[in-house]
Every structure is written in structure tokens, then in C-alpha cells.
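# next comes the sequence, and after it the predicted model I'd like to discuss.
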Amino acid sequence: MADAVSNVLDYRLGEVGRGALGRALALALAAHVLGGAAAIWLPGLLRRPAEPPRYVAVQIVPAARLGVTTPPPPAPPRAKPEPVPVPLPKVEAPVLPDRKAKAEKPPPRPAPAPEPARTAPAAEPVQPEGTATGSATGTLAFGAAVAGFDNPNFTYGYYVDQMLAKISSNWARPPVGSGVEAILYFRIGRDGRIDDLRIAHSSGYNGFDLAALRAVSASSPLPPLPSAFREDSLGVNLIVR
């Protein structure tokens, strides 16, 4: 009997609880719906209508009619004046003393005396090549002479005459005074070619020395050395006057 009563009470309590919960949920849902609708529609209902735009009429009047003067345009920038060149004072270069003018001038050389007419020497008989007879020195008509050879065994006078005759044909004496002479040294090869030509003793005149060198150089080659002479070359000291 007691169990049956408790069961009925529990059942009724469950029914009452479920009805109250359903009503609470329905009320909450209705409140949310109403709140959302109010948030959407209420601002539109409370907004004031926009006022129409206002227009203001403006009339443009020239400034001259109002007594207002316009400022003049700005003046163009002035060009910078170019600097005026200032003439520099002229400075005269110092005049150095002429050393050449102070040097004593050498006395003028006397004019060369006219040389007497020269006669060609009598032709000497030609000796056969290879003989050791005759003189080892000779003299040309223009004043050249053999001072000596570097080999004392060379005694072929006919060869000396041929050598001096060929050099004499190429000699052109410069116009210098008398008493001028130069000594030349050169070597004659076996085939007669001249080598190692140089001035052994200068005459003191460059023109005279160069003329003597040209005469000897233009005479190369000379006749071949005598076959009886066994050396390969011969050194000659030639005096040119």
C-alpha cells in the first residue's frame, strides 16, 4: 500500500516538472525572437528623415571691381655678373749672360796657300804576286802613306801600291789648311774586304776624319792578299794628309 502511494507521487512530480521546463524554454525562445526583431526594426523606426540639401548662390565678381589690385609678377632672377679678368703684370724673363759670347773667339785660320801642281809619280813595274821583294811601305800623290803593318813579315810592295792607288781614287780632301793629317787603322781579309775601320789618331777636324773614313770604306774590297802571305788578315796603319 505504501509503495503504490510513493509511485503515484513520483509520477505526478515528473509531470509537473516537465510542464514547467517546457514553458520556460518556450518563454526563452520567444524572448530571443522578439529581441532580434527589435534590434532590426527599432533603428529604422527611430531614425529621423534626412534633410534636403541646401544650395547657396555664388556670383563671381572681378577683383578690379572691388578695388583689389593684383600684385605684379615676380621679377626674373638677375644673372650673376661675370668676373672681369684682371690683367696680370708682365714679368720679363731674366736675361742670362751668353757664355758663348763671352768666350774668346779663336783667331781666324789663315787661308790655305795654293798647293803646287803635283805630277803623277812614275809607274813602278808590277811585280808578280807572291814574291817577297819590294818595299812594304808606299806613299800616294795626295799625301797618304802606310805607317806600318801589324805583321812585319808582309813585304809585298806591289800590293801596297795597288791598295794606295784604289784609296786615292776615292779620296776627296776637304778644304782645310796644310799640315793636317789623320791616322786610320783597318784590317784586310784574305778576300780583300776591309774590316774594323776606325780613327786611330784624329786630325782635329771632323770633316777631314770623315772624308778619310769614306775613302777607305769605299775602296772595299781591295785586291786579295798575296797567296804567299799565309795569314788570314793584315792590319794596316794608314796616314792621310
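Perfect, thanks for sending it. Numbering: from 1, shown residues only.
# wait, a strand at residue 238?
Yes: the assignment for residue 238 by DSSP: H, G, I helix; E, B strand; the rest coil puts it in a strand.
# these two touch, right, it and residue 149?
No: with contacts defined as C-beta atoms under 8 Å, residue 238 does not count as touching residue 149, sitting 10.4 Å away. The way it works is simple: take the backbone N, C-alpha and C, and place the C-beta from them, glycine included.
# more neighbours: the two, which one.
Between residue 238 and residue 149, residue 238 has the larger neighbour count (other C-beta atoms under 10 Å), namely 23 against 17.
# which strand residues bridge the more buried one?
In this structure, residue 238 has the following beta-bridge partners (DSSP bridges): residue 146, residue 184.
# how much space between it and residue 43?
141 Å (C-beta to C-beta, to the nearest Å).
# can you check residue 24 too?
The gap separating residue 24 from residue 43 is 30 Å, by C-beta to C-beta.
# hey, which helix or strand in the protein has the poorest pLDDT?
Every helix and strand in the chain was compared by mean pLDDT, DSSP states H and E; the lowest is helix 99-102, with a mean of 53.
# how about the strands in the chain?
Under the criterion DSSP state E, the chain carries strands at the ranges 145-149, 182-189, 194-201, 233-240.
# would you turn those strands into TSV with distance to residue 38?
Below are those laid out as TSV (distance: least, C-beta to C-beta, whole Å):
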stretch	distance to residue 38
strand 145-149	151
strand 182-189	142
strand 194-201	137
strand 233-240	143
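# check contacts around residue 150.
234-236 (C-beta atoms under 8 Å, 6 or more residues apart in numbering).
# which among these end up buried?
The neighbour-count criterion (16 or more other C-beta atoms under 10 Å) marks 234, 236 among those as buried.
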